[in-house]
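Peer 1: Predicted model and sequence follow; I will ask about them next.
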Amino acid sequence: MKIQLLFLFLFISFKAFSQTPEQRLERLEIHLPDVPEALGLYVDIVKVGSLLYLSGKGPRKDDGEYVKGKLGEDLTLEHGVEAARISALNQLAVLKRELGSLDRVKRVVKVNGFVNSSALFYDQSKVINGFSDVMIEIFGASGRHARTAIGTNVLPLNMAVEVEMIVEIEQTK
């Protein structure tokens, strides 16, 4: 009986981790937002070989408003983590618009997270974990990445966080 349960557990684990990113989005009931126009004179993505460099995105909510404020002053750590998760969904939406399917993402290579922080807020890495968690939820082991989390005294529009990233994609034939 124990061996049968072990095989059942392994089968279920394999099925859960063998899903594509698009299947994970569906299973987790994650809806990607519409991609807004850029806030300045830049493009959302620059492709160099098999790498996509994504411009920074902030925590734009479905109503078009951003999560705003300074961590450690206006916002709690929990607010910051949620803002980073929203930023991750916005970046995934940019990727999906560009690629047609997130299944073309081979690996999340690098993430740079900027946190609008008070002088006494020191948990920038915990905030950006909210972004990293989403990448791992959607891409599995391929979502693990190199990362920088930086505190800054201000971000555009007083956004709580802004995150840029680099991903490697499967080349189309």
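Peer 2: Okay, I see it.
Peer 1: how about stretch 124-133: buried residues?
Peer 2: In terms of neighbour count (16 or more other C-beta atoms under 10 Å), stretch 124-133 has its buried residues at 124, 126-132. Using the backbone N, CA and C atoms, a C-beta is placed for each residue, glycine as well.
Peer 1: mind checking which helix or strand residue 46 is in?
Peer 2: Secondary structure assigned from DSSP states H and E places residue 46 in strand 45-48.
Peer 1: Name the surrounding residues that touch the helix or strand just after that strand.
Peer 2: On the C-terminal side of strand 45-48, the closest following helix or strand by DSSP H and E is strand 51-57. Applying C-beta atoms under 8 Å, 6 or more residues apart in numbering, the set of residues contacting strand 51-57 from outside is 38, 42-47, 87, 90-91, 94-95, 98, 109, 112, 114, 162-169.
Peer 1: Kindly write the PyMOL command that selects the buried subset of these.
Peer 2: Written as a PyMOL command, the selection of buried residues from the contacts of strand 51-57, which uses 16+ other C-beta under 10 Å, is:
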select buried, resi 44+87+90+91+94+95+98+112+114+162+163+164+165+166+167+168+169
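Peer 1: Let me know the pLDDT of the residue most central in space within the chain.
Peer 2: For the chain, the residue sitting closest to the mean C-alpha position, by C-alpha atoms, centre = their mean, is residue 88 at 2.5 Å. Reported pLDDT at residue 88 in the predicted model: 98.
Peer 1: Mind listing what's buried along the lengthiest strand in the chain?
Peer 2: Using DSSP state E to assign secondary structure, the strand with the most residues in the chain is strand 105-116. Neighbour-count burial for strand 105-116 flags 105, 107-108, 110-116 (criterion: 16+ other C-beta under 10 Å).
Peer 1: Please convert those residues to a markdown table, extending it with pLDDT.
Peer 2: Putting the buried residues of strand 105-116 into a markdown table (pLDDT from 0 to 100) gives the following:
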| residue | pLDDT |
| --- | --- |
| 105 | 98 |
| 107 | 98 |
| 108 | 98 |
| 110 | 98 |
| 111 | 98 |
| 112 | 98 |
| 113 | 98 |
| 114 | 98 |
| 115 | 98 |
| 116 | 98 |
